[in-house]
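>>> Quick check, what structure comes out for this input:
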Amino acid sequence: MIYDRIMVRYGELSTKGRNKMDFVKLLAVNIRKKLTENFSEVKLETRFDHIYVLVADYDPYLIIKELQEVSGINSLTLVSKIEKDIEQIKKCALEMVVNEEASTFKVRSKRSDKTFSIISDEINRIVAKEILSNTKLKVDVKKPELTIGIEVRQEGAYLFLETFKGAGGYPLGIAGKILMMMSGGIDSPVAAYLLMKRGVSLECIHFASPPYTSGGVIDKINDLLKLLAHYQESIRLHVVPFTKLQEAIYDHVDESYAITVMRRMMYRISTDIANIRKCQAIANGESIGQVASQTLRSMRVINEVTNMPVIRPLVTYDKNDIIRIAKQIKTYEISIRPYEDCCTIFRPQNPRTKPNYKSTLWLENQFDFEGLIVEAINSTESIIISANSEEL
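Residues are numbered from 1 along each chain as shown. Modelled structure (predicted):
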């Protein structure tokens, strides 16, 4: 059986009303970008309720594997398009199943084109009779080994056996751009992935503290972003030299408040870079109560330094859920490499879980942090990372 196209189903896009075609057009653009490098000959047919990817001479299963990384796709179905003729439908359905290793089947048809004279139930019966007469397959409507899907639409009939799960969510870029705080641990790559699924494109920021942190951390970030770049064509990483600020914090700030003040400095720098890069918000991998700086009191005191929205996709996730997703997107093994970031290296023994706002302000005013922030921003290096990027 020759399948000639892949039916792309939109999922959540079906709820978007008047804006739906804007979503569909962007999804089509993202599909073309994803397939350009390895499948340049494929063509797309864009319709209100589906996109069809014409597979040409390529292996359709390889195309499906690529498209499963494109956010905004609910499912992908390998289909054969034929004429809206019941004899052709019977013939195609039989060809589909004749060499399948199965013993039971059912037929599920949908007649979207109401001008087609045969209703769905009758299509099911006619096709099932053809298969029963010409194979050893038996009907099982509850738990069939094969389900023959038939959709009769305005432009033709589509037949299929297999449907593959997509990434879901919205097309990348439809929701704007966010600056993601990327530590190199387990949480932030998962948060980044969840944001991209919701149609958010990302730039990332990392705070480096050499010589206290090694180059291995940057290698981790690079490898993590190369994986995440399968979902976004390329990702810009801003590497902020944070050593001087961190040393000043530990010289002038009580140890119990060091993490609180350090995170406030990170938010100030992230806000300035986000504004420069025209990002609409800051995001991070925080989850309520996971560490001292992630209690609600700490979040409020830290958040006070920015008027930019701070998005926390993992705020209600427990660690097991986060690890499960990290393993699913293959970032887990990279994240657990034994190279620590600046938050880990300078972790105090007894950090405040309920920092006092006035005490925090008083401690910050013990040194000139504004000049150090400007210096850090001016010395920030930006790198563009793609899935095929060379090592840094």
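
>>> quick one, helices of the chain?
Secondary structure of the chain (DSSP state H): helices located at 20-36, 60-67, 86-97, 120-134, 187-197, 215-228, 243-252, 258-276, 296-303, 319-328, 332-335, 342-345, 357-364, 369-378.

>>> And those helices: which comes nearest residue 43?
helix 20-36 (9.7 Å; C-beta to C-beta). To be clear about C-beta, it is placed using only N, CA and C from the backbone, and glycine gets the same treatment.

>>> Identify the residues contacting the closest one?
Contact with helix 20-36 is made by 8, 10, 13-14, 16, 42, 44, 46, 48, 51, 53, 63, 66-67, 69-73, 170-174, 233, as judged by C-beta atoms under 8 Å, 6 or more residues apart in numbering.

>>> Selection in ChimeraX covering whichever of those residues are buried, please.
Buried residues within these, by 16 or more other C-beta atoms under 10 Å, are selected in ChimeraX with:
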select :8,10,13,42,44,51,53,63,66,67,69,70,71,72,73,170,171,172,173,174,233
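
>>> picking that back up, most tightly packed of the helices of the chain?
Among those, ranked by average contacts under mean count of other C-beta atoms under 10 Å, first place goes to helix 187-197 (a mean of 25).

>>> List the contacts of that helix.
So helix 187-197 is contacted by 71, 167-170, 172, 178, 180-182, 202, 204, 224, 227-228, 231-232, 283-287, 290, 311-314, 322, 325-326, 329, 331, 334-335 (C-beta under 8 Å, 6+ apart).

>>> before we move on, back to that, can you tell me which of the helices of the chain the model trusts least?
Sorting the helices of the chain by mean pLDDT places helix 342-345 lowest, at a mean of 58.

>>> Look up how far residue 100 lies from residue 62.
21 Å (C-beta to C-beta, to the nearest Å).

>>> Got the phi and psi for residue 186?
phi -80, psi -40 (degrees, to the nearest 10).

>>> Nearest spatial neighbour of it, chain-adjacent residues omitted?
residue 335 (4.4 Å; C-beta to C-beta, 6 or more residues apart in numbering).

>>> ok, that neighbour touching residue 221?
No - here residue 335 lies out of contact with residue 221, judged by C-beta atoms under 8 Å, at a distance of 10.1 Å.

>>> looking at it, residue 334 is touching residue 223, isn't it?
Yes - counting by C-beta under 8 Å, residue 223 is a contact partner of residue 334 at 4.9 Å.

>>> Can you report how many residues neighbour residue 310?
Here the number of neighbours of residue 310 (other C-beta atoms under 10 Å) works out to 18.

>>> Also residue 102?
15.

>>> how about it, what does it touch?
Contacts of residue 102 by C-beta under 8 Å, 6+ apart are 137, 145, 146.

>>> May I have the phi/psi pair for it?
Dihedral angles (degrees, to the nearest 10) for residue 102: phi -150, psi 160.

>>> pLDDT score for it?
At residue 102, the pLDDT value in this model is 94.

>>> now swap in residue 340 and tell me
The per-residue pLDDT reported for residue 340 equals 66.

>>> Begin at 27 from now on, thanks
Let's use 27 as the start, then, which means that last one is residue 366.

>>> what packs against the strand ranked longest in the chain?
The longest strand of the chain (DSSP state E) is strand 182-191. Counting contacts by 3 or more C-beta pairs under 8 Å, 6 or more residues apart in numbering; DSSP states H and E, strand 182-191 packs against strand 101-108, helix 112-123, strand 172-179.

>>> what are the pairing partners of it, and which direction each?
Here strand 182-191 is paired, per DSSP bridges, with strand 101-108 (antiparallel), strand 172-179 (antiparallel).
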